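*Asks:* Got a sequence here, can you model it:
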Amino acid sequence: MKRLAVLISGRGSNLQALLDAAAAGRLRGEIALVLSNVATAPGLERARLAAGVAVATCESAGRSRQDHERAVQEQLRQQRIDVICLAGYMRVLSPGFLVEFGGPVLNVHPSLLPAFRGRDAQRQAWDHGVKVTGATVHLVDAELDGGPILLQEAVPVLDSDSPEDLAARILGAEHRLYPAAVNLVLGGYRVSGRRVLVTN
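*Replies:* Residues are numbered from 1 along each chain as shown. You can find the predicted model right below:
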């Protein structure tokens with residue numbers, strides 16, 4: 001069974017969705033490590049409550065990007081990690097990190113990429129006045145929020161929505177998508193151009 005690491009910086013609600021899927025036998029891999037760059041991240045407590053999941057902190061504050069990424073890679077090697085899932089990890093991984101790791105790195109983003117990349121994507125969509133936005137799980141590459149798309153789910157923008165209302169509904173879509181996208185990757189895929197094709 002493939003071993004997964006979930007990288008977080010905050011509350012870890014998408015981490016919880018993955019942990020719940022694993023506990024229910026709906027995840028093809030094993031969550032072997034939860035790592036945060038913030039020692040006080042609330043999501044770490046979620047991981048401590050999950051049986052068999054190692055927890056680690058590699059603080060990023062006050063150290064160079066190179067030093068921080070070296071520490072993260074060491075944790076990944078120790079736990080023999082095959083796949084990384086970013087879940088609110090507020091760090092951009094360097095191209096060198098991605099090459100050294102060598103395995104798939106997944107990220108979940110609160111928009112229908114390629115629209116509304118970067119931070120505050122939900123508010124960007126609300127401010128722009130779009131009628132539909134959503135959530136995307138994609139493979140991570142050197143381009144911010146630019147890697148090949150694994151799965152997407154559309155979320156309508158209602159006239160009555162506040163940015164907070166919209167963000168909450170998008171989060172629900174993220175929780176549904178992320179375990180399914182992990183299973184897609186673990187089941188077998190290939191990338192043709194920018195298209196992700198299932199091979200199982």
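*Asks:* Going by C-alpha atoms from here, please, whenever you check contacts or count neighbours.
*Replies:* OK.
*Asks:* what's the worst-scoring helix or strand of the chain on mean pLDDT packed up against?
*Replies:* The weakest-scoring helix or strand in the chain, judged by mean pLDDT, DSSP states H and E, is helix 43-48 (a mean of 91). Secondary-structure packing of helix 43-48 (3 or more Cα pairs under 8 Å, 6 or more residues apart in numbering; DSSP states H and E): helix 13-23, strand 30-36, strand 54-57.
*Asks:* For that helix, which outside residues touch it?
*Replies:* By Cα atoms under 8 Å, 6 or more residues apart in numbering, the residues outside helix 43-48 that reach it are 8-13, 15-16, 34-36, 53-55.
*Asks:* Flag every buried residue along it.
*Replies:* Residues of helix 43-48 classed as buried by neighbour count (16 or more other Cα atoms under 10 Å): Gly43, Leu44, Arg46, Ala47.
*Asks:* Then stretch 58-74?
*Replies:* For stretch 58-74, burial by neighbour count (16+ other Cα under 10 Å) applies to Cys58, Glu59, Ser60, His68, Glu69, Val72, Gln73.
*Asks:* In contact with the nearest residue to the first one once chain neighbours are set aside, which residues?
*Replies:* Read it as Cys58. Nearest non-adjacent residue to Cys58, counting by Cα to Cα, 6 or more residues apart in numbering: Asn37, 4.9 Å away. Taking Cα under 8 Å, 6+ apart, we find Asn37 in contact with Ile8, Ser9, Thr57, Cys58, Glu59, Ser60, Tyr89.
*Asks:* Let's verify Arg190: helix, strand, or coil?
*Replies:* What DSSP: H, G, I helix; E, B strand; the rest coil gives for Arg190 is strand.
*Asks:* tell me what the biggest helix by length in the chain is packed against?
*Replies:* Ranked by residue count under DSSP state H, the longest helix found in the chain is helix 163-187. Contact analysis of helix 163-187 by 3+ Cα pairs under 8 Å, 6+ apart lists helix 13-23, strand 105-109, helix 121-128, strand 132-139, strand 149-156 as its packing neighbours.
*Asks:* again, 10 Å this time
*Replies:* helix 13-23, strand 83-86, strand 105-109, helix 121-128, strand 132-139, strand 149-156, strand 195-198 (3 or more Cα pairs under 10 Å, 6 or more residues apart in numbering; DSSP states H and E).
*Asks:* Can I get those in a markdown table including mean neighbour count and mean pLDDT?
*Replies:* As requested, the helices and strands packed on helix 163-187 are exported to a markdown table (neighbours: other Cα atoms under 10 Å; pLDDT from 0 to 100):
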| stretch | mean neighbour count | mean pLDDT |
| --- | --- | --- |
| helix 13-23 | 20 | 96 |
| strand 83-86 | 24 | 98 |
| strand 105-109 | 25 | 98 |
| helix 121-128 | 18 | 97 |
| strand 132-139 | 24 | 98 |
| strand 149-156 | 19 | 98 |
| strand 195-198 | 14 | 96 |
